[in-house]
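Peer 1: Kindly generate the corresponding structure for this input.
(one chain, ligands or ions: 1)
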Amino acid sequence: MTADRPHVILRAMTMDDIDEVVEMDRLSFPTPWPARTYRYELLDNDRSMMQVIQPANGSQDIHTRNGLNGWWDRVRGIERIASELAGYSGMWHIGDEAHVSTIAVHPNWRGLKLGELLLWSMVRRAIRNNARLVTLEVRISNDLAQNLYRKYGFEIMGRRNGYYRDNHEDAYMMGVTSLDQSYRDQLVEYGKALALSLKVSDRL
Ligand SMILES: CC(C)(COP(=O)(O)OP(=O)(O)OC[C@H]1O[C@@H](n2cnc3c(N)ncnc32)[C@H](O)[C@@H]1OP(=O)(O)O)[C@@H](O)C(=O)NCCC(=O)NCCS
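Peer 2: Okay, here's the model as predicted:
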């Protein structure tokens, strides 16, 4: 384990987070959710669970990536300065299905395993809630996110034509349908691997 692992807090989203989450949304998606959608998710949608990642050391904390990535950041003059929040995600529980409604990491914090932490914790919650499958939609051009989902066993289940409003891009429906013991064991291993990269205070 390295001493300089970023220390982050994983916790439920609150109303006070909405302004910052909306800003991260704007930086992450061509058609971001407005604040009223987050208010609905938090106050009125019983099936929704929204979570955020907060850097534990606030704006004091500056993180650099290791190796080639870190070298490339320095060449480009990128400083990874902590923002108040580093990422967020949401999931809906509908019957025996858990559906990932959104997931994003602040651009300053990408490539540091935070997206994986968000997905890992949502899948863990889906299993705890006895979900039979976990599903999501992803742009067919979003290879990076698809890599993350494949790592967690998601497979393409179908394609929705013209799903996205901004450019009418198609979406893949992806899902993981076998949350059996071997999958759970694998999730534990992924959790251990994440702990080598991140110090996580889990407040969920
Ligand atoms: C998708 C997103 C959440 C990933 O978050 P992240 O914190 O940067 O990703 P992580 O560091 O946790 O990486 C996890 C996995 O994602 C994939 N990945 C991440 N960065 C990648 C890159 N530059 N190229 C290819 N795959 C990449 C890899 O599979 C990686 O696993 P590995 O490190 O074992 O190879 C982030 O890029 C993001 O917010 N994008 C904009 C919003 C978005 O597209 N959300 C998905 C909507 S469906």
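Peer 1: For the residue of the chain found nearest the ligand, give me its contacts.
Peer 2: Minimum separation of the chain from the ligand (C-beta to the nearest ligand atom) falls at Gly115, amounting to 2.2 Å. Bear in mind the C-beta positions are built from the backbone N, C-alpha and C, glycine included. Contact partners of Gly115, counting by C-beta atoms under 8 Å, 6 or more residues apart in numbering, are 87, 103-105, 145, 148.
Peer 1: Would you format the residues you listed as CSV with secondary structure included?
Peer 2: Formatted as CSV, the contacts of Gly115 follow (DSSP: H, G, I helix; E, B strand; the rest coil):
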residue, secondary structure
Gly87, strand
Ile103, strand
Ala104, strand
Val105, strand
Ala145, helix
Leu148, helix
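Peer 1: Neighbour count, distance to Asp180 and pLDDT for these - can I get that in JSON lines?
Peer 2: Listed next are these as JSON lines, based on neighbours: other C-beta atoms under 10 Å; distance: C-beta to C-beta, whole Å; pLDDT from 0 to 100:
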{"residue": "Gly87", "neighbour count": "26", "distance to Asp180": "28", "pLDDT": "97"}
{"residue": "Ile103", "neighbour count": "21", "distance to Asp180": "24", "pLDDT": "98"}
{"residue": "Ala104", "neighbour count": "21", "distance to Asp180": "29", "pLDDT": "98"}
{"residue": "Val105", "neighbour count": "24", "distance to Asp180": "29", "pLDDT": "97"}
{"residue": "Ala145", "neighbour count": "18", "distance to Asp180": "24", "pLDDT": "98"}
{"residue": "Leu148", "neighbour count": "18", "distance to Asp180": "21", "pLDDT": "98"}
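Peer 1: tell me which of those is nearest to Pro32?
Peer 2: Proximity of those to Pro32 was ranked by C-beta to C-beta; the top entry is Ala104 with 9.2 Å.
Peer 1: Now the element after the top helix by length along the chain, going C-ward?
Peer 2: Among the segments of the chain that qualify as a helix by DSSP state H, the longest is helix 181-197. Using DSSP states H and E, the helix or strand that follows helix 181-197 towards the C-terminus is strand 199-202.
Peer 1: So that next one, near the ligand or not?
Peer 2: No - figure legend: strand 199-202 not in contact with the ligand (C-beta under 6 Å from any ligand atom); closest approach 12.6 Å.
Peer 1: Can you give me the separation between the residue lying closest to Lys113 once chain neighbours are set aside and Gln54?
Peer 2: Leaving aside its sequence neighbours, Lys113 sits nearest to Ser197 (C-beta to C-beta, 6 or more residues apart in numbering; 4.6 Å). Here the criterion is C-beta to C-beta, to the nearest Å. By it, Ser197 lies 17 Å from Gln54.
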